[in-house]
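In: quick one, fold the following:
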Amino acid sequence: MSFNVYNQLTRTTDYTYKLIQLPKGLVEYMKKDAGKPLQFKAPTKVTNLLTICTDKDTYNVRQMNHLNTQLIVDDMAINKLNVHLDHAAAVGSKQLLAVGLASYIYELTETEGQIETDQIPVYDGPRSDLLETTKTLADVRNDSPIAAECFMQNWHELGGTVVAGKAVIMAPSIITDVLHTIISLMIADDMSSFEIDAMAASAAEQNPLFTRDLISTVAHKFCNSANGTFTLDKERVAKWFGYETLRNQKIALSEKELLLEWKASLPPFYNASLDLKLLLGNYCRPNTGKIRYLRAESLSSDLHTRIKEMFQIVKEWDYDEFLPFVRGFVPSSKKPDAVILKYARKKRIGKKFVVCPR
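Out: Numbers count the residues shown, from 1 in each chain. Just a heads-up that it's a prediction; the model follows:
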């Protein structure tokens with residue numbers, strides 16, 4: 001089949017056409033309901049990052065350059081653009097009009113999305129200065145390159161809440177205090193689950209600063225919910241108290257000492273299974289038999305440099321303790337060893353594997 005192709009010599013300066021390669025899932029989303037949201041979003045703190053957000057999914061937009069220029073054409077048989085040729089050929093069904101040129105295409109890759117936390121203060125109680133806080137929760141949602149339905153789950157995971165109508169991030173100490181209060185009230189009243197309003201009323205009697213918004217954030221962060229009823233997730237609770245115990249230690253501890261401190265940090269009469277595996281990615285072993293907190297964000301964002309820094313801290317890592325610090329650099333299509341072994345050696349000692357410098 002052949003077509004007559006024409007090129008539009010003069011084009012409007014009001015807009016330009018861009019090519020976007022749409023994943024199958026996004027095409028189906030757009031076809032199913034044209035009224036559903038589809039937004040371009042870009043974070044302020046990261047340059048050269050653009051996303052497309054649906055109500056459930058987030059896609060990173062990446063420019064893919066081409067060696068050849070492509071024509072963006074309007075099929076005159078359909079003529080969605082409602083343009084006309086001054087010298088149209090006789091067979092209208094075989095006419096194409098080039099309305100734009102493209103030397104690149106935008107490729108979409110699904111991602112988890114992120115919440116824009118710039119200008120959101122940390123709330124650590126009545127001492128917090130919220131006078132200059134300007135963002136509401138709606139502002140944060142609109143500014144963040146993340147799908148609408150994923151926003152609240154991620155917001156609660158960050159410890160995000162609302163104080164005096166403004167969006168804030170709860171300080172770890174406040175999260176711990178609120179969680180401790182919720183658990184203590186559940187134990188005192190022999191409750192296996194609770195509803196937000198009832199718990200907020202009881203918590204306010206213990207501490208008037210524990211508002212419904214604070215209770216709601218902590219409940220969503222550490223509980224499973226169904227039909228408005230919340231049940232504590234013991235693993236998430238244990239992990240939080242273990243993380244806070246580890247983070248607040250001034251010196252390296254033995255495993256036994258850490259477990260004792262961890263157990264002591266739990267609310268009285270609250271039982272949870274404590275396992276160091278819950279804290280993987282948050283500690284290192286600078287000395288034999290000792291454990292110390294290591295903040296992953298303190299390490300380089302360059303993989304090669306990060307691994308060098310890790311070996312400066314610990315000469316030989318247990319493989320399972322090493323992996324969480326580099327997992328984020330491993331593409332989903334590759335196995336971790338394919339990336340790790342470029343910069344380090346892996347060897348077997350007895351029944352376990354260790355990672356050491358090359």
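In: check which helix or strand Asp74 maps to.
Out: Asp74 is located in strand 58-75, with elements delineated by DSSP states H and E.
In: partner strands of the helix or strand just after that strand, with direction?
Out: Sequence-wise, the next helix or strand downstream of strand 58-75 (DSSP H and E) is strand 95-111. Looking at strand 95-111 with DSSP bridges, its partner strands are strand 4-7 (parallel), strand 20-21 (parallel), strand 58-75 (antiparallel).
In: coming back round to it: which residues are in contact with the strand holding Asp74?
Out: Defining contact as C-beta atoms under 8 Å, 6 or more residues apart in numbering, one finds that strand 58-75 is touched by 5, 7, 17, 19-20, 23, 26, 40, 49-53, 80-81, 83, 95-113, 145-147, 150. Every residue, glycine included, has its C-beta placed from N, CA and C.
In: what ranges do the strands span in the stretch 201-350 of the chain?
Out: 223-226, 229-232, 253-254, 283-284, 290-293, 317-318, 344-349 (DSSP state E, counting those that start in this stretch).
In: returning to what we had before: and the contacts of strand 58-75, which are buried?
Out: Buried members of those, counted by 16 or more other C-beta atoms under 10 Å: 26, 50-53, 95-100, 102, 106-108, 113, 145-147, 150.
In: mean confidence (pLDDT) on stretch 185-203, please.
Out: Across stretch 185-203, the average pLDDT comes to 96.
In: what's the answer for stretch 6-18, then?
Out: Stretch 6-18 shows a mean pLDDT of 79.
In: quick one: it to chain centroid distance?
Out: Stretch 6-18 has its C-alpha centroid displaced from the chain centroid by 39 Å (C-alpha atoms, centre = their mean, to the nearest Å).
In: that stretch spans what distance, first to last residue?
Out: 19 Å (C-alpha to C-alpha, to the nearest Å).
In: do stretch 204-224 as well
Out: From its first residue to its last, stretch 204-224 covers 22 Å (C-alpha to C-alpha).
In: before we move on, what about stretch 158-176?
Out: Chord length of stretch 158-176, first to last residue, is 13 Å (C-alpha to C-alpha).
In: show me what contacts the residue minimising distance to the centre of the chain?
Out: Geometric centre of the chain, nearest residue: Gln114, 4.5 Å, by C-alpha atoms, centre = their mean. Residues in contact with Gln114 (C-beta under 8 Å, 6+ apart) are 43, 144-146, 154.
In: in a markdown table, list the strands paired with strand 95-111 along with distance to Asp337.
Out: As requested, the strands paired with strand 95-111 are exported to a markdown table (distance: least, C-beta to C-beta, whole Å):
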| stretch | distance to Asp337 |
| --- | --- |
| strand 4-7 | 51 |
| strand 20-21 | 32 |
| strand 58-75 | 26 |
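In: looking at those, spot the one closest to Asp129.
Out: strand 58-75 (32.7 Å; C-beta to C-beta).
In: what's the average pLDDT for that closest one?
Out: Strand 58-75 shows a mean pLDDT of 85.
In: now it: buried residues?
Out: 58-59, 61, 73-74.
In: now, which of these sits nearest Leu259?
Out: Set against Leu259, the nearest of the buried residues of strand 58-75 by C-beta to C-beta is Thr58 (38.8 Å).
In: how close does that closest one get to Pro23?
Out: Distance, Thr58 to Pro23, by C-beta to C-beta, to the nearest Å: 12 Å.
In: joint contacts of these two?
Out: Common neighbours of Thr58 and Pro23 (C-beta under 8 Å, 6+ apart) are Glu110.
In: the residue nearest to the centre of the chain sits in which helix or strand?
Out: Counting by DSSP H and E, there is no helix or strand that carries Gln114.
In: just to revisit the earlier point, out of the strands paired with strand 95-111, flag the one nearest Asp213.
Out: Comparison of the strands paired with strand 95-111 against Asp213 by C-beta to C-beta identifies strand 58-75 as nearest, at 25.4 Å.
In: how distant is the closest one from the center of its chain?
Out: 28 Å.
In: could I get the strands of the stretch 201-350 of the chain as JSON lines with distance to Arg306 and mean pLDDT?
Out: Putting the strands of the stretch 201-350 of the chain into JSON lines (distance: least, C-beta to C-beta, whole Å; pLDDT from 0 to 100) gives the following:
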{"stretch": "strand 223-226", "distance to Arg306": "34", "mean pLDDT": "95"}
{"stretch": "strand 229-232", "distance to Arg306": "35", "mean pLDDT": "98"}
{"stretch": "strand 253-254", "distance to Arg306": "25", "mean pLDDT": "96"}
{"stretch": "strand 283-284", "distance to Arg306": "13", "mean pLDDT": "96"}
{"stretch": "strand 290-293", "distance to Arg306": "17", "mean pLDDT": "96"}
{"stretch": "strand 317-318", "distance to Arg306": "12", "mean pLDDT": "96"}
{"stretch": "strand 344-349", "distance to Arg306": "11", "mean pLDDT": "93"}
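In: and those: which comes nearest Pro172?
Out: Nearest of those to Pro172, taken as C-beta to C-beta: strand 290-293 at 12.6 Å.
In: what's the distance between stretch 299-317 and the middle of its chain?
Out: That offset, for stretch 299-317, works out to 23 Å (C-alpha atoms, centre = their mean).
In: now swap in stretch 265-272 and tell me
Out: Per C-alpha atoms, centre = their mean, the centroid offset for stretch 265-272 relative to its chain is 30 Å.
In: and stretch 273-284, by the same measure?
Out: 21 Å.
In: the domain parsing of this protein - what is it?
Out: Following automatic domain parsing, one finds the domains of the chain at 4-111, 122-232, 295-358.
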